[in-house]
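A.B. asks: just coords:
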DNA sequence: CAGTGGTCTAGACCACTCC
DNA sequence: GAGTGGTCTAGACCACTGG
């Protein structure tokens, strides 16, 4: 089943046999492998291949798209670099998923000053629905009238409350999300989002500041008011660079630090 | 001048003509392009090609190493991804340098909450030489008896003091470094290190925490004691993952934030 | 125009995984 | 052994830069 074969335009070369191309005008130039990358991404986004599943082999994709294996390979190379897929030699190429050790620490950068990460635990403080506040609506690119799911939770490590987080999610996407489901679910929250709501977080931006704990934060984290905290404001994006999460975290950095690599 | 041709071991393949290989036992397996990557990196490290200069073309390197252009290309691809070199289509491949707009913001992640980055200014508070404190020695992988250069400075944006930084550098490498040279130098500090001391920062790790301004920080940054500050502890590495800088920064995040991308 | 990096092909063989 | 990703080659042509 190769369904509809889109119009690939080869503005590259062709050693011998010409590559596929229904051709015509090509208003926008881009390498073949980029076009193929887009096609594969669309299949990922549409759920044709689900997180954790294997995508077709390079040879098969090459046949389907009527290009050489090397060209497919280069497309997948980039998808792999963007963490959309994971290659496993001898096995195949798999759709990336948040249900993995690997992917966990891509989004949780707070690590203990010494020792290994340890016994995380979540306590859901509050889950409710409300109309998107102006700033949230702007960030999530929705209307102010639209509903959003608001979540407040405290994350502990080894029993010590360490992170106080507030999340805003588009209500349209996260319809059946309740405190119960959040509590019942084992594993990372993004795993829940991915399997239960079909929304995979691809990348995120964070803005970090230092501020003093207010009364509520102090109470929930079990610290003195005024204690310095790391404020981490995250906007997460899914396919197509669509923002689907706003998250404000307050990190207690007495025994932990936010780890970052500059390269 | 191809000087000494090292022993390349091809554990890959060879469609027709065999690639170079004095061969023999190969205790450690690695792809040809990785071996070539190492060779190129050594040339970069040794200063055979200096920052900003063009390295030999892919075709020439392929000839020198007796491999195909595609293999050299893959090696350079990775070096480019690691920001060791910069490719410019039609021109050539150049040794990366800190004297560029491009490279500036790789290591300065503090950006204004709104508007563009603006009029940075440095004030050197202190430069002195001392024996490496235990922790500094450990971090920089030198002996406690060894001398280190200590620098304290304040960075302002649009006239507002924003960053208070303390740096420790191995005295052996930064011999003639004085407050004068730091003050006289136009452009990024890492540019100075690169051209004057032959030490290029390749990558760095940062540990971020929140803390309260002490009396000294408050005075130098013109804020009230107790104001929350971002503490950014950076260790920078040069070729061979050798640590060559320890830097502790206190960032005022009233009008700025530390920006990070999770991908 | 020549020279550079960038794309693409076709085919071969290697390394790894699983049956 | 069959199937997968990973490496390598040889050669062609494109896109871009600069003289």
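C.D. replies: Perfect, thanks for sending it. These numbers come from a predicted model, not from an experiment.
A.B. asks: spit out the contact partners of residue A:221.
C.D. replies: For residue A:221, the contacting residues are A:154, A:161, A:162, A:164, A:213, A:227, A:229, A:250, A:252, by CB atoms under 8 Å, 6 or more residues apart in numbering or on different chains. For glycine as for every other residue, the C-beta is placed from the backbone atoms N, C-alpha and C.
A.B. asks: out of those residues, who has the most neighbours?
C.D. replies: Most neighbours among the contacts of residue A:221, by other CB atoms under 10 Å in any protein chain shown: residue A:229, with 27 neighbours.
A.B. asks: might one say that it is in contact with residue A:208?
C.D. replies: No: look at residue A:229 against residue A:208 with CB atoms under 8 Å: they stay out of range, at 10.9 Å.
A.B. asks: nearest to DNA strand D within the stretch 101-250 of chain A, name that residue for me.
C.D. replies: Nearest residue of the stretch 101-250 of chain A to DNA strand D: residue A:102, at 14.4 Å (CB to the nearest atom of the strand).
A.B. asks: any chance you could read off phi and psi for that residue?
C.D. replies: Here is the backbone geometry of residue A:102 (degrees, to the nearest 10): phi -50, psi -50.
A.B. asks: tally of neighbours for the residue nearest to it when sequence neighbours are not counted?
C.D. replies: Distances taken as CB to CB, 6 or more residues apart in numbering or on different chains place residue A:86 nearest to residue A:102, at 7.6 Å, with adjacent residues excluded. Number of residues near residue A:86 (other CB under 10 Å) recorded here: 18.
A.B. asks: one more: residue A:90?
C.D. replies: With other CB under 10 Å as criterion, residue A:90 counts 4.
A.B. asks: how much space between it and chain B?
C.D. replies: Using CB to the nearest CB, to the nearest Å, residue A:90 is found at 16 Å from chain B.
A.B. asks: does that residue belong to a helix, a strand or coil?
C.D. replies: Classification of residue A:90 by DSSP: H, G, I helix; E, B strand; the rest coil places it in coil.
A.B. asks: now the strands: where do they sit in chain A?
C.D. replies: Here chain A has its strands, by DSSP state E, at A:54-55, A:85-88, A:92-95, A:110-112, A:120-131, A:147-157, A:160-170, A:203-212, A:228-238, A:242-251, A:256-262.
A.B. asks: using JSON lines, lay out the ones you listed together with distance to DNA strand C and mean pLDDT.
C.D. replies: Shown next, in JSON lines, are those (distance: least, CB to the nearest atom of the strand, whole Å; pLDDT from 0 to 100):
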{"stretch": "strand A:54-55", "distance to DNA strand C": "11", "mean pLDDT": "98"}
{"stretch": "strand A:85-88", "distance to DNA strand C": "7", "mean pLDDT": "98"}
{"stretch": "strand A:92-95", "distance to DNA strand C": "9", "mean pLDDT": "98"}
{"stretch": "strand A:110-112", "distance to DNA strand C": "28", "mean pLDDT": "97"}
{"stretch": "strand A:120-131", "distance to DNA strand C": "29", "mean pLDDT": "95"}
{"stretch": "strand A:147-157", "distance to DNA strand C": "32", "mean pLDDT": "97"}
{"stretch": "strand A:160-170", "distance to DNA strand C": "35", "mean pLDDT": "98"}
{"stretch": "strand A:203-212", "distance to DNA strand C": "22", "mean pLDDT": "98"}
{"stretch": "strand A:228-238", "distance to DNA strand C": "24", "mean pLDDT": "98"}
{"stretch": "strand A:242-251", "distance to DNA strand C": "26", "mean pLDDT": "98"}
{"stretch": "strand A:256-262", "distance to DNA strand C": "23", "mean pLDDT": "97"}
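A.B. asks: make a markdown table from those strands and add distance to DNA strand D to it.
C.D. replies: As requested, the strands of chain A are exported to a markdown table (distance: least, CB to the nearest atom of the strand, whole Å):
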| stretch | distance to DNA strand D |
| --- | --- |
| strand A:54-55 | 7 |
| strand A:85-88 | 4 |
| strand A:92-95 | 4 |
| strand A:110-112 | 28 |
| strand A:120-131 | 31 |
| strand A:147-157 | 34 |
| strand A:160-170 | 33 |
| strand A:203-212 | 22 |
| strand A:228-238 | 24 |
| strand A:242-251 | 27 |
| strand A:256-262 | 22 |
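A.B. asks: make CSV from the ones you listed and add distance to residue A:40 to it.
C.D. replies: As requested, the strands of chain A are exported to CSV (distance: least, CB to CB, whole Å):
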stretch, distance to residue A:40
strand A:54-55, 7
strand A:85-88, 8
strand A:92-95, 10
strand A:110-112, 33
strand A:120-131, 34
strand A:147-157, 31
strand A:160-170, 26
strand A:203-212, 17
strand A:228-238, 16
strand A:242-251, 18
strand A:256-262, 28
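A.B. asks: for the residue of the stretch 101-250 of chain A closest to DNA strand D, give me the pLDDT.
C.D. replies: If you check residue A:102, the pLDDT there is 75.
A.B. asks: the closest residue to residue A:97 other than its chain neighbours - how many residues pack around it?
C.D. replies: The shortest distance from residue A:97 to any non-neighbouring residue, by CB to CB, 6+ apart, is to residue A:51 (3.7 Å). Around residue A:51 there are 18 other residues, counting by other CB under 10 Å.
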